[in-house]
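Engineer: what shape does this take:
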Amino acid sequence: MVDLRKNSKTFGQSFSIILSDKNCKSIYIPPGFAHGFQALDKENIVSYCCTEYRYVGNERGLLYNDPSLKIKWPNKKVIMMEKDKFAKKLSELIKDKLI
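Structural biologist: Below is the predicted model of the structure:
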């Protein structure tokens, strides 16, 4: 997850965690954070809730490999959804006043 709260001391910083059936962990990602995931097994179940109804027009994409975020993804092989191919770097989202 990446903190996108402009007035936060941790704005633009990322945090990652591995969730698995073995460690039985889960994570709460509060409003104002970007989130993404990488499946590490062939079969995965991802379940999440939102604080408001999902409205596709409000969705923004943050580029998963933006160098400024310094995210170390566990697997170099990436399969993306079509919509994620149009994601932008954090600097572009700021410049375009999307966050």
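Engineer: could you measure from the residue nearest the centre of the chain over to residue 10?
Structural biologist: Centroid check for the chain by Cα atoms, centre = their mean gives residue 35 as the closest residue, at 2.3 Å. Remark: distance between residue 35 and residue 10 (Cβ to Cβ, to the nearest Å) = 15 Å. Every residue, glycine included, has its C-beta placed from N, CA and C.
Engineer: what's the local residue count around residue 19?
Structural biologist: Look at residue 19: counted by other Cβ atoms under 10 Å, it has 14 neighbours.
Engineer: cool, residue 73 as well?
Structural biologist: Count around residue 73 with other Cβ under 10 Å applied: 13.
Engineer: from memory it sits against residue 64, does it?
Structural biologist: Yes - Residue 73 lies in contact with residue 64 (Cβ atoms under 8 Å); the separation is 7.2 Å.
Engineer: helix/strand/coil for the residue of the chain most remote from its centre?
Structural biologist: The C-alpha centroid of the chain is most remote from residue 22, which lies 22.6 Å away (Cα atoms, centre = their mean). Under DSSP: H, G, I helix; E, B strand; the rest coil, residue 22 falls in the coil class.
Engineer: distance check, it against residue 40.
Structural biologist: Residue 22 is 11 Å from residue 40, where distance means Cβ to Cβ.
Engineer: could you check the pLDDT of residue 77?
Structural biologist: On pLDDT, residue 77 comes in at 87.
Engineer: ugh, typo on my part, it should be residue 58
Structural biologist: The model's pLDDT for residue 58 equals 78.
Engineer: one more: residue 84?
Structural biologist: Note on residue 84: pLDDT of 89.
Engineer: wait, a strand at it?
Structural biologist: No - membership of residue 84 in a strand is not supported by three-state DSSP, which gives helix.
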